[in-house]
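Colleague: sequence first, predicted model second:
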Amino acid sequence: MVIRSRANSLIAAFVALCLSATLVQAEPLAKELFGAKRDASSQSPAAIGGFSKGCMAGGVQLPESGPTWQAMRLSRNRNWALPVTIDFVKDLSAFAAKQPGWKGLYVGDMQQPRGGPMLSGHRSHQSGLDVDIWMLPASRLNLTRSERENISSISMRRAKGAFVNDNWSRAHHRILREAARDRRVARIFVFPGAKVQMCKDNKGGRAWLRKIRPWWGHHYHFHVRLKCPAGATNCVDQAPPPAGDGCAEAQEWVDNILNPPPPDPNYKPKPRREYVLADLPKQCAGVLQSR
Ligand SMILES: [Zn+2]
């Protein structure tokens with residue numbers, strides 16, 4: 001009797017241990033689920049949710065090389081996007097190829113095969129509509145796989161982003177302007193000094209400058225974000241940039257870089273929880289499950 005009850009309590013302890021272990025394992029993170037997918041879902045293409053909280057159905061892979069582009073860092077497997085984004089990249093690269101010294105574009109991260117949160121690197125690039133474009137002029141389009149892993153882009157900034165450096169050229173201005181004038185494009189992120197330079201150098205219409213948004217980083221590449229395609233019912237757009245060319249606002253960014261204001265004593269960084277699948281739009285479960 002004594003022996004049996006000891007055996008029972010051992011079993012009970014074992015069961016309790018197993019239960020707590022499964023509880024600790026709990027739900028996998030969304031980035032682990034999406035980061036594990038090697039191929040697109042076999043669904044019709046759709047952006048689902050927002051740029052920083054969504055996923056992509058029916059993604060398309062940008063061919064590793066084309067007449068006017070090369071996809072970089074192929075080992076990351078992030079050269080996936082919605083068809084509208086692929087078309088945009090092809091069009092912009094054809095424009096870039098007309099610039100002196102450029103044969104086209106080196107294309108950085110787009111999305112994982114099914115979009116969604118990533119294991120490393122970006123908070124956005126989730127719904128199929130984001131693309132990073134290298135600032136390094138694509139002077140040749142025969143880079144090998146290993147060159148695409150090892151070559152780095154070049155920085156365009158000086159004084160922590162307050163100004164452009166000598167790598168910045170009229171071609172960069174024209175390529176960013178062309179991208180911003182594209183009706184498919186919602187906004188473009190670039191470091192503040194570049195926006196201020198474009199504001200100064202611009203001749204003619206200024207409407208396109210509204211889409212050029214000063215942001216942290218973004219001096220080795222610029223980031224293009226497309227609008228939700230027409231009729232994409234599950235796609236969530238960001239609020240459009242404020243009215244006007246945004247040049248004064250960009251100058252404020254620059255002034256704050258040159259003369260940093262004293263730190264706000266009440267500033268508390270927002271706590272950020274990692275998403276699980278249930279945090280994303282419900283259609284994202286179907287995107288994961290699809291063949
Ligand atoms: Zn980006």
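Modeller: On my side now, so go ahead. Only a predicted model underlies this, so the values are computations on that prediction, with no experimental measurement involved.
Colleague: give me the element the residue in the chain that the ion sits nearest to is part of.
Modeller: Nearest residue of the chain to the ion (C-beta to the ion) works out as residue 223 at 3.5 Å. Where you see a C-beta, it was placed from the backbone N, CA and C, and this is true even at glycine. Taking DSSP states H and E as the definition, residue 223 sits inside strand 221-226.
Colleague: point out where the protein drops to low pLDDT.
Modeller: 1-25 (pLDDT under 70).
Colleague: kindly report the residues of it close to the ion.
Modeller: With C-beta under 5 Å from the ion as the criterion, the chain meets the ion at residues 132, 223.
Colleague: what do you get if the cut-off is 6 Å, keeping everything else the same?
Modeller: Counting by C-beta under 6 Å from the ion, the chain comes close to the ion at 122, 125, 130, 132, 223.
Colleague: list the residues that contact the last one.
Modeller: I take that to be residue 223. Taking C-beta atoms under 8 Å, 6 or more residues apart in numbering as the criterion, residue 223 is in contact with 130-133, 188-190, 215.
Colleague: show me where the stretch 101-250 of the chain has its strands.
Modeller: Using DSSP state E, counting those that start in this stretch, the strands found in the stretch 101-250 of the chain span residues 105-107, 130-134, 157-158, 163-164, 185-190, 212-214, 221-226.
Colleague: contacts for the fourth one, please.
Modeller: Strand 163-164 is contacted from outside by 156-158, 193-194, 196-197, 254, using C-beta under 8 Å, 6+ apart.
Colleague: can I get those residues in JSON lines with distance to residue 69?
Modeller: Listed next are these as JSON lines, based on distance: C-beta to C-beta, whole Å:
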{"residue": "156", "distance to residue 69": "20"}
{"residue": "157", "distance to residue 69": "24"}
{"residue": "158", "distance to residue 69": "28"}
{"residue": "193", "distance to residue 69": "26"}
{"residue": "194", "distance to residue 69": "21"}
{"residue": "196", "distance to residue 69": "28"}
{"residue": "197", "distance to residue 69": "25"}
{"residue": "254", "distance to residue 69": "32"}
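Colleague: tell me, what residue is most central in the chain?
Modeller: residue 125 (3.4 Å; C-alpha atoms, centre = their mean).
Colleague: which element is the residue lying closest to residue 105 once chain neighbours are set aside on?
Modeller: Nearest in space to residue 105, with sequence neighbours left out and distances taken as C-beta to C-beta, 6 or more residues apart in numbering, is residue 93 at 4.1 Å. Assessed by DSSP H and E, residue 93 sits inside helix 83-96.
Colleague: buried set for that helix?
Modeller: Residues 84-86, 88-90, 92-93, 95-96 are the ones in helix 83-96 that count as buried (16 or more other C-beta atoms under 10 Å).
Colleague: give the other helices and strands that that helix contacts.
Modeller: When contacts are defined as 3 or more C-beta pairs under 8 Å, 6 or more residues apart in numbering; DSSP states H and E, helix 83-96 sits against strand 69-71, strand 105-107, strand 130-134, helix 170-181, strand 221-226.
Colleague: most neighbours per residue, which of the ones you listed?
Modeller: The highest mean neighbour count among these, using mean count of other C-beta atoms under 10 Å, belongs to strand 105-107: a mean of 27.
Colleague: okay, helices next: where are they in this protein?
Modeller: Remark: helices assigned in the chain by DSSP state H are 2-25, 30-35, 83-96, 145-150, 170-181, 192-201, 247-258, 283-289.
Colleague: would a markdown table of the ones you listed with distance to residue 60 be doable?
Modeller: Output for the helices of the chain, formatted as a markdown table (distance: least, C-beta to C-beta, whole Å):
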| stretch | distance to residue 60 |
| --- | --- |
| helix 2-25 | 35 |
| helix 30-35 | 17 |
| helix 83-96 | 5 |
| helix 145-150 | 20 |
| helix 170-181 | 20 |
| helix 192-201 | 30 |
| helix 247-258 | 34 |
| helix 283-289 | 14 |
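Colleague: nearest to residue 70, out of the ones you listed?
Modeller: For residue 70, the closest of those is helix 145-150, at 6.7 Å, according to C-beta to C-beta.
Colleague: and the contacts of the closest one?
Modeller: 70-75.
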